[in-house]
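Undergrad: build me a model from this:
(chains A and B)
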Amino acid sequence: MKELKASMAGTVLNVLVVEGEAVSAGQAVLTIESMKMEIPVEAEIGGTVEKIHVEVGGFVNEEETLMTLGE
Amino acid sequence: MNKILIANRGEIARRIIRTCDRLGIETVAIHSEADGDLPYASEATEAILIGPNPVAQSYLQVDKIIEAALATGADAIHPGYGLLSENAEFARKTEQAGLIFIGPSADIMEKMGDKIESRRTMIQAGVPVVPGTEEGVHELEEALAKAEAIGYPVMLKASAGGGGIGMVRCDNEQALSQQFVSVKNRAKAYFGDDVVFLEKFIANARHIEVQIFGDKHGNIVHLFERNCSVQRRNQKVIEESPSPHLPQDARLRLCEAALQAARAVGYTNAGTVEFIVDEKNEFYFLEMNTRLQVEHPVTEQVTGYDLVEWQIDVANGKELPPQDSIQSHGHAIEFRIYAEDPKTFFPSPGKLESIMWGQDARIESGYEQGNAVTPFYDPMISKVIITGSDRIDAIRKSQNFFNHATITGVKTNIPLFKEFVESQEFVNGDYATSVLPKWLEKTKEEQGL
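TA: Next up, the predicted model:
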């Protein structure tokens, strides 16, 4: 299990995957908008998206868990 | 005009307050929840909480802002730059509410806000434009055919775009095919309009713009040019006036073309005509910004005028001074200090633990030590404007300034400026819009060796 965390505070612009989807390492899984810039968030490891903790339009703080990735 | 509501935040709100204070005009600041602690909110005569943090719920609330102006007894609204400054509906509603909008008319904004429409207007007025499509391009096949006729590389742009968003360079058919749908989608998402068009990509281009002003008596003047070619992510970070490596005859032709562009639309108040200038000093109209620009202090430093005061005067019906009385002296350079990683340019919100500036600079800052730079707004912390007797003097002062400037608490681009102002590329002044990314690439390689 691996928790994918936000590297900076911002608003979730879009979520590019759904729970249960298989992702590969380096794949963009969601986009955060901070200070008028879109920042893609990539999966650090390959695996399955177990849980998405955020919603589009929601605000996330730095270090907040965005997704849980399983093996 | 006795009281002005400033429909903006941060450094530009503060900048407007300063001129109003000097002229004995009261000010009303509006702020979101996060911005209540910023200096501009306490420096205004009064401050009003306008809404929650996202701009859509606060600084873009047209009706709420106009209501606030009426409730506080303001007789005018200054929109600053960004946010609602180029929103024709806001300007129109402000006037309909019986208030003065400090800026051009809603009709001019509409005409110049649409890039395809403004291109057409300029072609008719005889102002040179970048070769490209005169109409919006809707289908990929059409885009490919048009691109073939223009010749690659081409720039694919959103008609409603701005600020570097919604434009991409396509070197060949494959690239255009790949980007077409994505640029359309981004244009729709950002600007609510998915119309795109194509322009020829000009190699080694410089971005040079001309400050213009129009009054309500039909007078239009220019206040010379600014070179804004030092950019990252297609956004300006350094601007200077006069432009280096621009011969005097080219400079005069450029300013004359800007006047021609402004006359074509009967321009009033402050505006900027942006041009792309190629290696042979041939220039092409790019767009017109119908507002005060971020980099207006560069022009203020070399001409000695207060452009916010001019905006207020023009809105009050005063006449502009004659063109031949406007002179440019010395050299000014502006550096935009951003809360961002100096290498990746990723934003870095946080609390400004300490701010230390160098000597000999005009500082326009939205924040003071202890304030937080929040993720909701633009990452610009401050502008540093350095003025010298000539370019060499201004560069020497800039080098000295950045040797003594530090900000802690957030990452900033100060370390980047410190090195860049020493670089051959910048000091030579013979640079194009690709200068900063190229220099960074080169520096990385050298450090890697």
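Undergrad: list the helices and strands the helix or strand containing B:Ser182 packs on?
TA: Secondary structure from DSSP states H and E places B:Ser182 in helix B:173-191. Applying 3 or more C-beta pairs under 8 Å, 6 or more residues apart in numbering or on different chains; DSSP states H and E, we find helix B:173-191 packed against helix B:140-150, strand B:154-162, strand B:165-170, strand B:196-200. In this view, the C-beta of every residue, glycine as well, is placed from N, C-alpha and C.
Undergrad: what residues sit buried inside the first one?
TA: If you call a residue buried by 16 or more other C-beta atoms under 10 Å in any protein chain shown, then helix B:140-150 has these buried ones: B:Ala143, B:Leu144, B:Lys146, B:Ala147, B:Ile150.
Undergrad: which one of those is nearest chain A?
TA: Ranked by distance to chain A (C-beta to the nearest C-beta), the buried residues of helix B:140-150 are led by B:Ala143 at 23.7 Å.
Undergrad: which residue does the stretch 1-150 of chain B bring closest to chain A?
TA: Counting by C-beta to the nearest C-beta, the stretch 1-150 of chain B gets nearest to chain A through B:Pro54 (7.2 Å).
Undergrad: pretty sure that residue is touching A:Thr11, no?
TA: Yes - B:Pro54 is within contact range of A:Thr11, at 7.2 Å (criterion: C-beta atoms under 8 Å).
Undergrad: B:Val129: how many residues sit nearby?
TA: B:Val129 is flanked by 20 other residues according to other C-beta atoms under 10 Å in any protein chain shown.
Undergrad: close to chain A: what parts of chain B are there?
TA: B:54, B:163, B:233, B:339-340, B:346-349, B:374-379 (C-beta under 8 Å from any C-beta of the partner chain).
Undergrad: farthest pair in these?
TA: Greatest spacing in the residues of chain B next to chain A, by C-beta to C-beta: B:Pro54 and B:Arg233 (21.9 Å).
Undergrad: for B:Pro437, helix, strand, or coil?
TA: Assigned with DSSP: H, G, I helix; E, B strand; the rest coil, B:Pro437 falls in the helix class.
Undergrad: in this structure it contacts B:Arg232, no?
TA: Yes - in this structure B:Pro437 lies within contact range of B:Arg232 using C-beta under 8 Å: 6.9 Å.
Undergrad: so those two - more neighbours on which side?
TA: B:Arg232 (19 against 13).
Undergrad: isn't that one up against B:Val435?
TA: No - if you go by C-beta under 8 Å, B:Arg232 and B:Val435 don't touch, sitting 10.2 Å apart.
Undergrad: Three-state assignment for B:Asp324, please.
TA: Using three-state DSSP, the structure places B:Asp324 in helix.
Undergrad: what is the burial count for the residue in chain A that chain B sits nearest to?
TA: Here chain A gets closest to chain B at one residue, A:Met35, 3.8 Å apart by C-beta to the nearest C-beta. As a burial measure, A:Met35 scores 23 neighbours (other C-beta under 10 Å).
Undergrad: ok, B:Ile220 next?
TA: B:Ile220, neighbours per other C-beta under 10 Å, totals 21.
Undergrad: thinking again about what came up before, adding pLDDT and distance to B:Gly429, write the buried residues of helix B:140-150 out as CSV.
TA: Shown next, in CSV, are those (pLDDT from 0 to 100; distance: C-beta to C-beta, whole Å):
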residue, pLDDT, distance to B:Gly429
B:Ala143, 95, 37
B:Leu144, 95, 39
B:Lys146, 94, 36
B:Ala147, 95, 33
B:Ile150, 92, 31
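Undergrad: just the local confidence number for B:Gly429, please.
TA: pLDDT recorded at B:Gly429 is 96.
Undergrad: that one against B:Leu246, yeah?
TA: No - applying C-beta under 8 Å as the test, B:Gly429 and B:Leu246 come out as separate, 9.6 Å apart.
Undergrad: tell me the SS of A:Lys51?
TA: Three-state call for A:Lys51 (three-state DSSP): strand.
Undergrad: how near is it to A:Thr68?
TA: To A:Thr68, A:Lys51 is 4 Å away according to C-beta to C-beta, to the nearest Å.
Undergrad: more neighbours: which of the two?
TA: A:Thr68 (17 against 14).
Undergrad: hang on, the earlier thing: more neighbours: which of B:Pro54 and B:Arg233?
TA: Shown here are B:Pro54 and B:Arg233; by other C-beta under 10 Å, B:Pro54 has more neighbours (16 against 13).
Undergrad: which ones are touching that one?
TA: A:Thr11, B:Phe376 (C-beta atoms under 8 Å, 6 or more residues apart in numbering or on different chains).
Undergrad: before we move on, what about B:Phe191?
TA: Contacts of B:Phe191 (C-beta under 8 Å, 6+ apart): B:Ala158, B:Ala160, B:Gly161, B:Gly162, B:Gly166.
Undergrad: what do you get for B:Lys418?
TA: So B:Lys418 contacts B:Phe402, B:Asn403, B:Ala405 (C-beta under 8 Å, 6+ apart).
Undergrad: okay, and it sits in which element?
TA: helix B:414-420.
Undergrad: contact residues of chain A facing chain B?
TA: Counting by C-beta under 8 Å from any C-beta, the residues of chain A close to chain B are A:Ser7, A:Met8, A:Ala9, A:Gly10, A:Thr11, A:Ser34, A:Met35, A:Lys36, A:Met37, A:Ile39.
Undergrad: who's in contact with residue 55?
TA: Because you didn't say which chain, this covers chain A. Contacts for A:Glu55 (C-beta under 8 Å, 6+ apart) come out as A:Val12, A:Val15.
Undergrad: chain B is the one I meant
TA: B:Val55 touches B:Ser32, B:Leu83, B:Phe376, B:Tyr377, counting by C-beta under 8 Å, 6+ apart.
Undergrad: per-residue pLDDT, B:Gly163?
TA: Confidence score, pLDDT, at B:Gly163: 60.
Undergrad: got it, and A:Phe59?
TA: The model's pLDDT for A:Phe59 equals 89.
Undergrad: now do B:Glu441
TA: 91.
Undergrad: what helix or strand is it located in?
TA: Using DSSP H and E, B:Glu441 falls in helix B:435-448.
Undergrad: give the buried residues for that helix.
TA: Going by 16+ other C-beta under 10 Å, helix B:435-448 has these buried residues: B:Val435, B:Leu436, B:Trp439, B:Leu440.
Undergrad: contacting residues for the third one?
TA: Read it as B:Trp439. B:Phe420, B:Ser423, B:Glu425, B:Phe426.
Undergrad: dump the lowest-mean-pLDDT helix or strand in chain A to PDB, restricted to CA.
TA: When the helices and strands of chain A are scored by mean pLDDT, DSSP states H and E, strand A:37-42 comes last with a mean of 86. In PDB, the C-alpha atoms belonging to strand A:37-42 read as follows (Å, rounded to 0.1, in the frame of the first residue of the first chain):
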ATOM      1  CA  MET A  37      -0.800  26.700 -12.400                       C
ATOM      2  CA  GLU A  38      -1.900  23.200 -13.200                       C
ATOM      3  CA  ILE A  39       0.400  20.600 -11.500                       C
ATOM      4  CA  PRO A  40       0.000  17.000 -12.600                       C
ATOM      5  CA  VAL A  41       0.400  14.400  -9.900                       C
ATOM      6  CA  GLU A  42       1.900  11.100 -10.900                       C
END
